[in-house]
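Visitor: Provided below for reference: sequence and predicted model.
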Amino acid sequence: MRASRLLLPTLRDDPADAVAASHRLLVRAGYVRQVGSGLWSFMPLGFRSLQRVIGVIREEMDAIGCQELLMPVLLPEDLLRKTGRNTIPELFKLQDRKGSELVLAMTHEETIALHAAGEIRSYRDLPQTWYQFQTKERDEPRPQGGLLRTREFIMKDAYSLDRDQAGLQVSYDAQAGAYRRIFERVGLHVYEVDSDVGMMGGSEAMEYMAPSPAGEDRIALAADGSYAANVELAVSRASQPDFGPSAPISELETPGITTIEQLAEYVGRDPRLTMKSVIVVPEDERGGVVLALVRGDHRVHDLKLTRAIGAPFRPATPEEIRATFGAEPGSIGAVGVREGALRDVIVDPVLATGGYLSGANRTGWHLHNVEHGRDFSGRLVDIRHVEEGELSVETGSPLRIEPAIEVGNIFQLGTRYSDAMGATYLDEDGTEKSIWMGSYGIGPARTVAAIAEQSHDDHGLIWPPAVAPFDVWITPIGEAALAFADGLDRELSSAGLVVVVDDRELSPGVRFKDADLIGVPLRVTIGKRLASDGVITIKRRGVEGEADVAVEDAASAVLRSYGDAAAASA
RNA sequence: CGGGACGUGGCGCAGUCUGGUAGCGCACUCGGCUGGGGGCCGAGUGGUCGGAGGUUCAAAUCCUCUCGUCCCGACCA
């Protein structure tokens, strides 16, 4: 095709409001344009790449026997009332002209369960996996990073229906296999990590995390590859300080000391021998005050604590702390709290052994040698933020923490949704049983953005061939070159490549810059040397050097080079 | 929701403090030259300065309100 007929709205300057590399480059190269906060159009260039990613996903879903369908974005609110998910704050709500309450789908578990309830009768109908590419709407508190976090996006969502847990495990494993092939084929580096099941519920879940500095999530990875988990649930072996022999509690005056750092310095002890008291107020009907304890050098992970409490929370105010503990913030501890004053005490398991320096609940005083079980009690629940350099629980391999973009996830949902929707089947033994469900998502647009994050340089995007909008970009310089370029285009196109002949009346430099910015895998230059030496030049994007090839051999040389590029990205 | 920044031709910006003719670069149009890394010369098109109200002889500029966008945090199925 001719570039002069294409919409190629490349920009010379970076957009002023773009921070993430993918955001900056996808806008600059003309792939996407913003319509509103978290709302984006895929321009023709971007749509090509998006469709290629979708094509790969579709092939891999079909290959494991999934069936494609399409469900509506607009849903009756009643459908979500059955699972209680109609109260999620991110849900867009609206009314029709009759005043009926509708919502915009964030995901389709309820709808699938509705259809399973309607259509699945017998164990003979199972297993099934249904999937779609459909728009999802989420009223995000803060859209961000261009395509990385949007309010409207297309999601590939698949849902498996099985007789039992064992069947679900098989469907789940099949999806995991397909996901690995999908991300490999599109040239995206991902880690498969253990993940929080979140409000989805269910028993087991994994996320597919593309490492990138622009990522909003953090993943913990063992150096030996034996462990990978979202820090939301990652565990590790904490370093062990030398506790010395167990000793009775003793009081210590600590005037004006309110932080762990001050305390450790004042007493001249390892901060690992101190205990940190975090006081929070759950934001549910029950209210009350919760005391969470971690070692002095550790941090509480908010989501872990939220799970431990069973409700979101906020930090307690100084007034609430004084009223509950009878002391100023900074001198708070677990020992000697008034009976019934606390809703819950949550103790990080690291504190289960050893004696620690802790607040005395008496302003300006601390206690030595406080031991869990002897001096105070509390539920042992992991609430600690895993830190870089700590050791993997299983193999002792050191952990590093990397930012990453969540591009996909797989969940074992169990029977939560089928129970709510009455999705049952009649089993072989004549009894009615709940269908076991799994759900499996991939964000194709976020995948495109993640690839852009991982694969670019100062000149622009560098697409893996599988997702590039075009395979070959031909830059003819001069009239004779254009005729030759059109011929080469015909030959390569019939071989299955998508070819652009840049016939625009622009200087060669500008056209080279555009091809690089757009990130086309192969660039062919046809210039003076066509006539003088009978050669054209092939350049691979992102690879040093270029090759001159004889005109007679042009098409086969380009095809060979494309094959090399495709092989290199796999 | 808390904090911060920014809205001026399509894009990137200056002008705002100190009120007085809307300006620069790129892009775009026409003509010419050029042709292997954002090339050159000449002539042009295009903006109610986010919106509303106010102060003033006079507002992009000062005041009030409002809308929008981005960033940090909170949140995130």
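Guide: On my side now, so go ahead.
Visitor: only C-alpha atoms for contact and neighbour calcs from this point on.
Guide: Fine.
Visitor: contacting residues around the residue nearest in space to the middle of chain A?
Guide: Geometric centre of chain A, nearest residue: A:Glu406, 1.2 Å, by Cα atoms, centre = their mean. The neighbourhood of A:Glu406, defined by Cα atoms under 8 Å, 6 or more residues apart in numbering, consists of A:207-210, A:215, A:217.
Visitor: which two in the residues you listed are spaced the farthest apart?
Guide: A:Glu207 and A:Gly215 (13.3 Å; Cα to Cα).
Visitor: ok, the two, which is more surrounded?
Guide: Shown here are A:Glu207 and A:Gly215; by other Cα atoms under 10 Å, A:Glu207 has more neighbours (26 against 20).
Visitor: and the more buried one, what does it touch?
Guide: Residues near A:Glu207 by Cα under 8 Å, 6+ apart: A:191-195, A:406-410.
Visitor: hmm, try it at 7 Å
Guide: A:192-195, A:406, A:408-410 (Cα atoms under 7 Å, 6 or more residues apart in numbering).
Visitor: closest one to A:Gly55 out of the contacts of A:Glu406, please.
Guide: A:Tyr208 (18.7 Å).
Visitor: which phi and psi does the closest one have?
Guide: Main-chain torsions, A:Tyr208, degrees, to the nearest 10: phi -110, psi 110.
Visitor: tell me what it is bridged to.
Guide: Beta-bridge partners for A:Tyr208, by DSSP bridges, are A:Glu192, A:Gly408.
Visitor: tally of neighbours for it?
Guide: A:Tyr208 sits with 25 neighbouring residues when counted by other Cα under 10 Å.
Visitor: from A:Pro464, how far off is it?
Guide: 19 Å (Cα to Cα, to the nearest Å).
Visitor: just for the stretch 101-250 of chain A, where's the confidence low?
Guide: Counting by pLDDT under 70, the stretch 101-250 of chain A shows low-confidence ranges at A:198-202.
Visitor: give me the neighbour count for the residue of the stretch 51-200 of chain A found nearest RNA strand B.
Guide: Using Cα to the nearest atom of the strand, the closest approach of the stretch 51-200 of chain A to RNA strand B is made by A:Ile88 at 2.7 Å. By the criterion of other Cα under 10 Å, A:Ile88 has 13 neighbours.
Visitor: can you report phi and psi for it?
Guide: Per degrees, to the nearest 10, the backbone of A:Ile88 is at phi -60, psi 130.
Visitor: do A:Arg218 as well
Guide: As for A:Arg218, its main-chain torsions (degrees, to the nearest 10) stand at phi -120, psi 130.
Visitor: what does A:Ala174 give?
Guide: According to degrees, to the nearest 10, A:Ala174 has phi -60, psi -40.
Visitor: any idea of the pLDDT on the residue lying closest to it once chain neighbours are set aside?
Guide: Nearest non-adjacent residue to A:Ala174, counting by Cα to Cα, 6 or more residues apart in numbering: A:Ile64, 6.9 Å away. At A:Ile64, the pLDDT value in this model is 98.
Visitor: could you do the one 4 residues further on as well?
Guide: Per-residue confidence (pLDDT) for A:Glu68: 98.
Visitor: surely A:Val289 meets A:Val278?
Guide: No - counting by Cα atoms under 7 Å, A:Val289 stays clear of A:Val278, with 10.4 Å between them.
Visitor: give the contact list for A:Pro76.
Guide: A:Pro76 is in contact with A:101-103, counting by Cα under 7 Å, 6+ apart.
Visitor: now the strands: where do they sit in the stretch 301-450 of chain A?
Guide: Listed in chain order, the strands of the stretch 301-450 of chain A (DSSP state E, counting those that start in this stretch) span A:313-315, A:344-347, A:355-359, A:365-371, A:379-380, A:399-414, A:424-426, A:432-434, A:436-442.
Visitor: list, one by one, the residues from the stretch 401-550 of chain A near RNA strand B.
Guide: Neighbours of RNA strand B within the stretch 401-550 of chain A, by Cα under 7 Å from any atom of the strand: A:459, A:477-478, A:505-514, A:516-517, A:525-530, A:536-537.
Visitor: buried subset of those residues?
Guide: A:459, A:477, A:508, A:511-512, A:514, A:516-517, A:525-528, A:530, A:536-537 (16 or more other Cα atoms under 10 Å).
Visitor: and the host helix or strand of A:Leu75 with RNA strand B, contact?
Guide: Under DSSP states H and E, the secondary-structure element containing A:Leu75 is strand A:74-76. No - Strand A:74-76 stays clear of RNA strand B (Cα under 7 Å from any atom of the strand), getting no nearer than 13.2 Å.
Visitor: skip ahead from that strand and say which helix or strand is next.
Guide: helix A:77-81.
Visitor: now that following helix: buried residues?
Guide: Applying a neighbour-count criterion of 16+ other Cα under 10 Å, one finds A:77, A:79-80 buried in helix A:77-81.
Visitor: least confident secondary structure element in chain A?
Guide: Least confident element among the helices and strands of chain A, by mean pLDDT, DSSP states H and E: strand A:313-315 (a mean of 85).
Visitor: ranges for the helices of the stretch 351-500 of chain A?
Guide: Along the stretch 351-500 of chain A, counting by DSSP state H, counting those that start in this stretch, helices occupy A:416-421, A:444-454, A:479-494.
Visitor: and the second one with strand A:399-414, angle?
Guide: The reference is to helix A:444-454. Helix A:444-454 and strand A:399-414 meet at an angle of 170 degrees, taking axes from the mean of the first three to the mean of the last three Cα atoms, to 10 degrees as the criterion.
Visitor: circling back: ok, now how distant is the residue nearest to A:Ala174 from A:Lys156?
Guide: Separation of A:Ile64 from A:Lys156 (Cα to Cα): 15 Å.
Visitor: next: A:Thr10.
Guide: Separation of A:Thr10 from A:Lys156 (Cα to Cα): 29 Å.
Visitor: quick one: which of these two has more around it?
Guide: Between A:Thr10 and A:Lys156, A:Lys156 has the larger neighbour count (other Cα under 10 Å), namely 23 against 18.
Visitor: need the three-state assignment for the more buried one.
Guide: strand (DSSP: H, G, I helix; E, B strand; the rest coil).
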